[in-house]
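# Model the following, please.
(one chain, ligands or ions: 2)
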Amino acid sequence: LRLQGIELRRIAMPLVAPFRTSFGTEHARDVLLVRAVTAAAEGWGECVALTGPFYSPEYVDGAQAFIKRYLIPLLRRFDGHVFQLEPLFEPLKGHPMAKAAVQTAVLDAHLRAAGLPLGAFLGAVKDQVPAGVSVGIMDSVPALLEAVGGYLESGYLRIKLKIEPGWDVEPVRAVRERFGDEVLLQVDANTAYTLQDADRLARLDPFGLLLIEQPLPEDDIRGHARLAELIRTPICLDESIVSARAAADAIAMGACRIINIKPGRVGGYLEARRIHDVCAANGVAVWAGGMLETGLGRAANIALAALPGFTLPGDTSASDRYYAQDITDPFVLKDGHVPVPAGPGIGVEPLRDVLDAVTTETEWINF
Ligand SMILES: CSCC[C@@H](NC(=O)CCC(=O)O)C(=O)O
Ligand SMILES: [Mg+2]
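Ligands and ions are numbered 1, 2, ... in the order given. So this is what the prediction gives:
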């Protein structure tokens, strides 16, 4: 399906509240969207790179420059099917979020032209998925308890707390004491600890957490395997799992018992599905991570989260967790679940007037 051209669009999405993690605080998302136009249909991809290289090495200006300078020239001659994009992009090292955005836009166009929903294409087995919510580091424990109470009121089925040294045992204990032992509760350190913190992390064991996400640096697989011998809480990896091979290695080394799958981190939904398959083959549970996506990326993540191996609630929250006004019809929580879009491709469309209102820059590249 030949491409007639690509649009690169930047949008400014203010967050309903600052979102603080161990590596910084997000107040708004500066998002790069990719639109792939073919004669039969057009498709959308959302690049999940943040403004700066603090979650992973990519950042949004770099992703846009990489797409323009390296991926667009390859796409000009591309007239294949979407599975040929990975080998086409392989000689270019890294930049998984940029590659994922382009691959998803092309995949969405192909699927819309074929009338096939992304979920069906990936192997979805559900028409709705359980929604968890990620709660940032707060200024105080009372503020945290108020936020958690609000999300539980909204019906979220799992609470994830961001932690860092100095904000870990006390907030977890406070949430358990206030909301009880039944609430599905997990934490995410975003690489903020080292093996020397093992004793402190072991103090989380009494709270019955589902998992502790990425406690150590993303390249410390051996450290996570050692930590797994020192704490009881199951280790889940996020930043470390950059490919299906990395997942297989981490599992084989005993570095994790659960994996958070993010298509942008691994180069796209095709590799994300491979990670799902590797984990299913090894009896490792997976769940869908998030990068504060708009409804476009959110729709695709929810389709992925409907695959059979996604047995834990993901960070597939409702649109209003982050945005007062999404650029698509909002995803709304219903009995703690969000619906898997049923339409072809990612199954949602941008609301043109909203999209134009938040657009800060757009560039059409004709093929
Ligand atoms: C800006 S933090 C993004 C990375 C973080 N994502 C979340 O905590 C979930 C964000 C979301 O709900 O989309 C993670 O490491 O899992
Ligand atoms: Mg994480």
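# what residue lies at the spatial centre of this structure?
Nearest to the mean C-alpha position of the chain, counting by C-alpha atoms, centre = their mean, stands residue 290 at 2.7 Å.
# would that residue count as being in a strand?
No: looking at residue 290 with DSSP: H, G, I helix; E, B strand; the rest coil, it is coil, so not inside a strand.
# Quick check: it touching residue 314?
Yes: look at residue 290 against residue 314 with C-beta atoms under 8 Å: they come within range, at 7.1 Å. Backbone N, C-alpha and C define where each C-beta goes, glycine included.
# and the residue lying closest to the residue nearest to the centre of the chain once chain neighbours are set aside, what is it in contact with?
On the basis of C-beta to C-beta, 6 or more residues apart in numbering, the spatially nearest residue to residue 290 that is not a chain neighbour turns out to be residue 315, at 3.5 Å. Residues counted as contacts of residue 315 (C-beta atoms under 8 Å, 6 or more residues apart in numbering) are 132-134, 160, 287-290.
# circling back to that earlier point, give the contact list for the residue nearest to the centre of the chain.
The contact partners of residue 290, taken as C-beta under 8 Å, 6+ apart, are 134, 262, 298, 301, 314-317.
# Those residues in strands, which ones?
residue 134 (DSSP state E).
# Buried ones from the contacts of residue 290, can you make that a PyMOL selection?
Typed into PyMOL, the next command selects the buried ones out of these (criterion: 16 or more other C-beta atoms under 10 Å):
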select buried, resi 134+262+298+301+314+315+316+317
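# which ones among the contacts of residue 290 come in contact with ligand 1?
Among these, the residues within reach of ligand 1 (C-beta under 6 Å from any ligand atom) are 134, 315, 317.
# Distance to residue 7 and pLDDT added to those, as CSV?
As requested, those are exported to CSV (distance: C-beta to C-beta, whole Å; pLDDT from 0 to 100):
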residue, distance to residue 7, pLDDT
134, 30, 98
315, 28, 98
317, 27, 98
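# which SS state does residue 177 fall under?
Going by three-state DSSP: residue 177 is helix.
# brain fart, residue 14
Following three-state DSSP, residue 14 is assigned to strand.
# please renumber so the chain begins at 3
Yes, from this point I'll number from 3; that puts the last item at residue 16.
# Please write out the alpha-carbon positions of the helix or strand where residue 21 lies in CSV.
For residue 21, the enclosing helix or strand under DSSP states H and E is strand 5-23. In CSV, the C-alpha atoms belonging to strand 5-23 read as follows (Å, rounded to 0.1, in the frame of the first residue of the first chain):
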residue,chain,number,x,y,z
LEU,A,5,2.3,6.0,1.0
GLN,A,6,1.2,9.3,-0.6
GLY,A,7,2.8,11.2,2.3
ILE,A,8,3.3,11.6,6.0
GLU,A,9,2.2,14.4,8.3
LEU,A,10,4.2,15.2,11.4
ARG,A,11,2.1,17.2,13.9
ARG,A,12,3.1,18.5,17.4
ILE,A,13,0.4,19.1,19.9
ALA,A,14,0.4,20.7,23.4
MET,A,15,-1.6,18.8,26.0
PRO,A,16,-1.8,20.3,29.4
LEU,A,17,-2.2,17.7,32.2
VAL,A,18,-5.1,18.0,34.7
ALA,A,19,-2.4,17.9,37.5
PRO,A,20,1.4,17.7,37.6
PHE,A,21,2.6,14.1,37.4
ARG,A,22,5.7,13.5,39.5
THR,A,23,8.0,10.5,39.2
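# if I look at the residue in the stretch 203-352 of the chain that ligand 1 sits nearest to, how far off is ligand 2?
Evaluated by C-beta to the nearest ligand atom, the stretch 203-352 of the chain has residue 292 as its residue closest to ligand 1, separated by 2.3 Å. To ligand 2, residue 292 is 9 Å away according to C-beta to the ion, to the nearest Å.
# Just the pLDDT for that residue.
Residue-level confidence at residue 292 comes out at 98, pLDDT.
# Can you point out the helix or strand that includes the residue nearest to residue 265 when sequence neighbours are not counted?
For residue 265, ignoring the flanking residues on the chain, the nearest one in space by C-beta to C-beta, 6+ apart is residue 274 at 4.2 Å. Under the criterion of DSSP H and E, residue 274 resides in helix 271-283.
# by contact count, what packs against that helix?
Other elements packing on helix 271-283 under the criterion 3 or more C-beta pairs under 8 Å, 6 or more residues apart in numbering; DSSP states H and E are helix 98-116, helix 120-124, helix 246-254, strand 260-263, helix 265-268, strand 287-290, helix 297-306.
# thinking again about what came up before, now the residue nearest to residue 292: phi and psi?
When read as degrees, to the nearest 10, the backbone of residue 317 gives phi -80, psi 50.
# do you know how far it is from ligand 2?
In this structure, residue 317 and ligand 2 are separated by 8 Å, where distance is defined by C-beta to the ion.
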